[in-house]
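A.B. asks: dropping the sequence and predicted coords here.
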Amino acid sequence: MFFLHHAALSVGDLGRSESFYGLFGFRPVHRWSAPDGSLTIVHLKLGATLLELFSYRDHQPAPESSRRLETDLPRLGTKHLALGVDDADQARDFLLARGLRQVPEPAEGRTGVRYFFIQDPDGTLLEIVEDHRELASD
């Protein structure tokens, strides 16, 4: 009955964020702007996943604690977005080849996955995760 429809982010520079998420295959499918230019909303799609970007003319920066795992994870609320990949090492090489900096080596997670974190242009944490576990389905 229920399924995840979308995740939403507020971004400082819409073009920069669209380009960044475009690296992963997200493509714009819908755009709306307020008549006074105070807000633009863009829906990006990757497969069945929608990512909704809010771009306010007068935006507020995220707290510094949200930019590092060790300070963000203990704080209540949404933590990060995660994109699945078949091979974390290949994903890392792909991102490095496209000019992303600070792309760490994949780590072995406590939950049985391989992963690494990067940040989008606004500092939002993005996890790249390789998950080959046989988890129970619906």
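C.D. replies: Looks like it arrived, so ask away.
A.B. asks: domains for this structure, by residue range?
C.D. replies: As given by automatic domain parsing, the domain ranges for the chain are 1-58, 66-138.
A.B. asks: can you redo the ones you listed as a markdown table with mean pLDDT and mean neighbour count?
C.D. replies: Every residue, glycine included, has its C-beta placed from N, CA and C. Converted to a markdown table, those look like this (pLDDT from 0 to 100; neighbours: other CB atoms under 10 Å):
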| stretch | mean pLDDT | mean neighbour count |
| --- | --- | --- |
| domain 1-58 | 96 | 14 |
| domain 66-138 | 92 | 13 |
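A.B. asks: chain neighbours aside, what residue packs nearest to Tyr21?
C.D. replies: Leu44 (5.6 Å; CB to CB, 6 or more residues apart in numbering).
A.B. asks: secondary structure class for the one you found?
C.D. replies: Following DSSP: H, G, I helix; E, B strand; the rest coil, the label given to Leu44 is strand.
A.B. asks: all strands of this protein, in order?
C.D. replies: All strands of the chain, identified by DSSP state E, fall at 6-10, 27-33, 39-46, 49-56, 81-85, 107-108, 114-119, 125-130.
A.B. asks: which among those strands is found nearest to Ser65?
C.D. replies: Closest approach to Ser65 among these (CB to CB): strand 125-130, 11.5 Å.
A.B. asks: show me the beta-bridge partners of the closest residue in space to Glu108 that isn't next to it in sequence.
C.D. replies: The spatially closest residue to Glu108, leaving aside those adjacent along the chain, is Arg114, at 6.0 Å (CB to CB, 6+ apart). With DSSP bridges as the criterion, Arg114 is bridged to Glu108, Glu130.
A.B. asks: if I look at Arg114, how far off is Phe2?
C.D. replies: Here the criterion is CB to CB, to the nearest Å. By it, Arg114 lies 29 Å from Phe2.
A.B. asks: same thing with Ser38?
C.D. replies: Note on Ser38: its distance to Phe2, by CB to CB, is 32 Å.
A.B. asks: likewise for Ile128?
C.D. replies: 26 Å.
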